[in-house]
Each structure stands twice: as structure tokens, then as C-alpha cells.
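> Quick one, fold the following:
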Amino acid sequence: MREHSIGLNLKCFFVFSISLSSIEVHAQIEQTTALLESVRRLEDSGDLDSAVILAQTGIVHARKYNQIDSEIRFHIRYASILGKSQKINECIPIFKKALELALKERDTLLVGRCYLGLGTANHILNMLDSATYFYGLSLLNLRAINDQENLNGLMNNLALLSKKTGQYDKGMTFLHESLKSNIELKDSSAAIGNYRNLALMHSELSDYAEALEYFKLSNEIALKLNDQHQTILSISGIAGTYLLMGDSVKSMKYYQANDSIYLNAIHKDYNDKILELETKFRTTEIERDNALKQTRIETQEQRMIYLYIIAAFLGLSILAVYLYNEQRKKVIRALAMQREQENVQRIEDLLKQQELKSAYAMLAGQEKAHKRIAMELHDNLGSILVTLNMFADTLQKKTKPEDQKKLAQKISEVAQVANEATRKISHSLDSGVLKHFGLETAINELIGALNESETIAVSSHIQITEKLDSELSLNVYRIIQELINNTLKHAHASKITIDLNQIKDHLSLIYEDDGIGFEMTQDQPKGMGLKNLESRVDSMEGTLTIESMKDKGTTTIIEIPIT
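The predicted model follows:
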């Protein structure tokens, strides 16, 4: 009977411990959610400085409790607040950090939002090629999960980007797609903005009749919603369009209507502020009462915690007695486990030794291959070239056409033999680190060597999901070598960042340095390194984009299709 009681108390103690752990985890999640909501409220209210401080606190909190998803969301919110504060250059590294975490977590939604943020930042900085690139990646991810809310914002950004580059038809297509989605979602406020942006595009194209129709549609919805601010904007657009059409009478009529609505809005805003002050006064009294209630609740919770602590001590005491009675059995189990661990360790040591032997064998094989290639160059290709040179000297001494023809035929045959020998040696050279270990390992070895040299700091993010063709791998590796070589020779940089990602049917390479950069001009002569780079990219049917500004570093974006 006594043994049954001890076992029951022990079981209750373990259940109690598990419950405490679950409560603690739940409390951490609730605290993180509350922090995110507080940051959002501060951002919406315009208190951006406080929002930044709280977002930084949230990042530390989420990292402490290993809440990766929340850490990404805090990074995105932090970067967005910096963007609203016009600190665009500071927000880009934050978005990139969030993107790195999101890619590791394979969270399509957060990856799409990070790309959207990077696209918007580059858009504001007028880096239109980079903005187009990041918007495209965002569109790919957001469409994959049908995230209509962020897709609508992305469509509006793409429309503005198209307008800035003079692609009005493309911009209108994006706006119509966003409008269709907002109508399906019954988001009338967003639809007003779509109609007004369409009207502005048509107005810039001098298509005033279409512009007038879209302004009227936006005004019609604004009146239904009783949204005075949107009504004022829409009526202003109608009045301005009539003025451009030469109808000053109708234009004046709408301007007068707009003034009347504006005065009513000011009066309503004044009354709303008085009501808001009264509400705040009543809210203060309610909050005081709630604070008293909360104090009582916290006192009760503190008493419960004391009871839990007492129960825990009792459980530990019972557990100590139980462990004392089971001491002999545990000693035997511990010895058996120790012997088993020793056996496991012995097996692991043997496996490691075998792996080392395999690695040494591979290195020896490579050394043997290098010696064989050197011998081929000296004995085979060297002797062929000597023979070829001898025939060439003899040809100069021959005067008869028949003799010259025979020697020319022999020279051609020897040259073909030399070409075949060269091809075999080239093939042997190609089967090095890339063939045995893959592109990612080869790049990491190159980066490791640079970092060990302490001449420049190199960071990278490489995500290759499938095995690549050896020729493609070699070309990409040579491209990265050429880019690093250009940086070391010309950029005077202290840091290099390499992002290589395989996205479905293409490879995306983003190479950045923080060097002195250069002014991008069309008549600027191209060096041999840049010509080699363009030649390699063209041979793989890829695209090459280089963006640079003086003292702002250089960014190279390369897209290569995978066939």
C-alpha cells in the first residue's frame, strides 16, 4: 500500500512539472504576440521612435526563446518602420536578415514579404532593375500561397514602377488585377485607390474621357462609404479633369462642391476631437478600476505560485525516497549504459578512421591524376608539338608543290592528334573538386581561403536543391572567381556578400561589395574581366545586370536558366 502511494505521488509530480512547462511556453508566446501588436499600434499612431525600440526588444525576446517565426516578423516590422522614417539604406540589411531566416525556415509567406520589402526599398532608391527583380521573386512566392492582401499591395507597387519606366499598359494591367481582387474581397477602400490610380494614368496619357469615368467610379464608392477624405480626392480629380478638357463651368461646379465637403469635414473633425476627449476621461476611470481588479488577481496568482512551490518541494522529497530505494538498480543500469556507450564510441572511431582513409585515398588519386596529366603534357603533347614544328620547318624548305601538299597533309594529321590530346587533358582537369564535391563545396573552399587570408571578409548564402550539370557548375564557379578577382583588383572593398539560390528552373546569383564603385555610363570602355563575364553569361543564355554608384559599392545580378 505504501509503494502504491509513492508511485502515485511521483506520477502527480511529473504531471505537475509538465503542466508548469506548458504554461511557461504559452505565456512566452502570448508575450511575443502582445509585443508584435504593440509595435504595430505604435507604428500606426506615428510614434516611430518608440516603435523601433520595441521592435528591437521583440527581436531579442524572440531569439532568446527560439521563436524563429516571430523573430522574422519583428525584423520585417523593424525594417518597415525604418523605411517609413526615410532610413532606406538602413532598412535593406534588416530585410536581408529576415529573408535569410525565412529561407532557412522555408516559410513562403514571410519569404514573399521580405522580397516585397527589398523591392520597395530599391524602388524608393530608384534602383529600378533591383526593384523589378525582388518584386518578381515576391510575386512568385505570394502567388504560390494566394496571399491576396500582400499581392494587392505588390500589384500597386508594380503599377507605379511601370508608370515610372513609361510602361503604362503594363501598369494598367497590374492595377486591373488588383482591382478585380479587391472587388472579390469586397475591399471598397482599396478599390477606390485602384480607380483613382487608373484615372491618373489615363490623364497622363491625355485620355481624359477614360480618366473622368474612373474618377467618377472612385467618387461613387467613396460616397457610399461616407468617406469624406476619399470623396474630396475623387471630386478634385473630376474637377481637374474637366479643366484639362476645357470645360471650366463643370470644373468650377465640382471645385465648389469640394470646398463645401472640406468645410464639413473640418467641422466634423472638431466635434470628433471633443468626443474623443470625453471618451478618454471616461476610459481613465475604467482603467483605474481595472487596475485595482488586476492587482487582486495578481495577489491570488502569487498565492497559487507559493502553493505550487510547496507542492514541488513535497514531490521532490517523495522522489528522493523513491530514488534511494532504487539506487542499486540504477547503478547496474548505469554500468550497462556506460559499456554500451563505449562500444558505440569505438564503432564511431572506426568509422571516422575509415572516412579519413577514404579522404586520403581521394587526395592521393587526385595527386596521381595531376602527375599523369603532367606526364601527358611532357611526353605526349610535347612530342607531338616538336613533330609539328619539325614538319613546319621542312615545309619552308620544299619547293615542289607535290612535296608541300604531302607535308601539309601530315601537319593537319598531327594537329588533329594534338587537338585530341588537349581535349583529353582538359577533361581530366575538369574532374576536380567540382566533380567530386559539387559547386557549393568548391565555392565554400574559395571563400574559406579568402577569409583565412584576412584581406577581405566574405559572407555567403548558398541554396542549391538539385545536382547541377558539371559544365554549368564550372561556368558559375569561374564567374564567381572573376567577380572576386575584379573586386580585389579595383574595388578597394572590405566586405563581399554572395547569394546563390536555385529557384525552380533557374539559378540566381547576387554578388555585392562595399567598394568605391563607379559611375555607370554607356560610353565607358569595358575591361577584359567584364568582357569575359559577359561572354560566359551569354554562353549560358543568361542575363547580367550591374548596378554601381560612386562610393556606394557594386551589385551584380546574374540569372541563368537550368535546362
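> hey, let's count contacts and neighbours off CA atoms from now on
Will do.
> Pretty sure Met520 sits in a helix.
No: assigned with DSSP: H, G, I helix; E, B strand; the rest coil, Met520 falls outside any helix and is coil.
> Give me the most central residue, the chain.
Among the residues of the chain, the one closest to the centroid is Leu99, at 3.2 Å (C-alpha atoms, centre = their mean).
> so that residue sits right up against Leu118, yeah?
No: judged on C-alpha atoms under 8 Å, Leu99 makes no contact with Leu118 at a distance of 9.4 Å.
> so where's the chain shaky on pLDDT?
For the chain, the stretches flagged by pLDDT under 70 are 1-25, 259-295, 298-299, 306, 336, 339-380, 382-383, 386, 423-437, 522-526.
> now the strands for it?
457-463, 495-503, 506-513, 543-548, 554-561 (DSSP state E).
> ok and the shortest one relative to strand 506-513, angle-wise?
Spelled out, it's strand 543-548. 20 degrees (axes from the mean of the first three to the mean of the last three C-alpha atoms, to 10 degrees).
> Then the last one?
Between strand 554-561 and strand 506-513, the angle formed by their directions is 170 degrees, by the same axes, to 10 degrees.
> and for strand 554-561, what are the contacting residues?
505-515, 517-518, 537, 540-548 (C-alpha atoms under 8 Å, 6 or more residues apart in numbering).
> tell me the phi and psi of the residue in the chain sticking out farthest from the centre?
Computed with C-alpha atoms, centre = their mean, the residue of the chain farthest from its C-alpha average is Lys400, at 72.3 Å. Torsion angles at Lys400 (phi, psi; degrees, to the nearest 10) stand at phi -80, psi 140.
> residue contacts, it?
Applying C-alpha under 8 Å, 6+ apart, no residues contact Lys400.
> What distance do you get for it to Lys406?
Lys400 sits 10 Å away from Lys406, going by C-alpha to C-alpha, to the nearest Å.
> Repeat that for Glu210.
Counting by C-alpha to C-alpha, the gap from Glu210 to Lys406 is 81 Å.
> Looking at the two, which one has more neighbours?
Neighbour totals were compared for Glu210 and Lys406, and Glu210 leads with 16 against 11 (other C-alpha atoms under 10 Å).
> if I look at the residue nearest to the more buried one when sequence neighbours are not counted, how far off is Ser50?
Nearest residue to Glu210, sequence neighbours excluded (C-alpha to C-alpha, 6 or more residues apart in numbering): His202, at 6.4 Å. Using C-alpha to C-alpha, one gets 41 Å for the distance from His202 to Ser50.
> Kindly report the same for Gly448.
For Gly448, the distance to Ser50 - C-alpha to C-alpha - is 41 Å.
> do Leu316 as well
Per C-alpha to C-alpha, Leu316 is found 46 Å from Ser50.
> just Asn451 next, same as before
Distance, Asn451 to Ser50, using C-alpha to C-alpha: 39 Å.
> can you check Ala408 too?
Ala408 is 85 Å from Ser50, where distance means C-alpha to C-alpha.
> Quick check: Lys96 touching Val111?
No: with contact defined as C-alpha under 8 Å, Lys96 does not reach Val111; the gap is 10.1 Å.
> Would you map the helices across the stretch 401-550 of the chain?
401-430, 433-437, 439-453, 470-486, 528-539 (DSSP state H, counting those that start in this stretch).
> which stretch among these comes nearest Gly246?
helix 528-539 (53.3 Å; C-alpha to C-alpha).
> residues near Ile484, how many?
Neighbour count of Ile484, defined by other C-alpha under 10 Å: 21.
> actually Leu82, sorry about that
Around Leu82 there are 21 residues (other C-alpha under 10 Å).
> Let me know how buried the residue lying closest to it once chain neighbours are set aside is, in neighbour terms.
Excluding the flanking residues, the one nearest Leu82 by C-alpha to C-alpha, 6+ apart is Cys91, at 5.5 Å. By the measure other C-alpha under 10 Å, the count of residues near Cys91 is 23.
> can you check Cys114 too?
By the criterion of other C-alpha under 10 Å, Cys114 has 31 neighbours.
> In contact with Leu388, which residues are there?
Counted by C-alpha under 8 Å, 6+ apart, Leu388 has contacts 411, 414-415.
> Just the closest of those to Ile59, please.
Nearest to Ile59 among the contacts of Leu388, counting by C-alpha to C-alpha, is Ala415 at 66.9 Å.
> who's in contact with the closest one?
Taking C-alpha under 8 Å, 6+ apart, we find Ala415 in contact with Leu388.
> Recalculate using a threshold of 7 Å.
If you count contacts by C-alpha atoms under 7 Å, 6 or more residues apart in numbering, Ala415 has none.
> Also the one 5 residues further on?
Remark: with contacts taken as C-alpha under 7 Å, 6+ apart, Glu420 is in contact with nothing.
> how near is it to Gly171?
56 Å.
> And the residue nearest to Glu210, how far from Ser535?
From His202 across to Ser535, the span is 42 Å (C-alpha to C-alpha).
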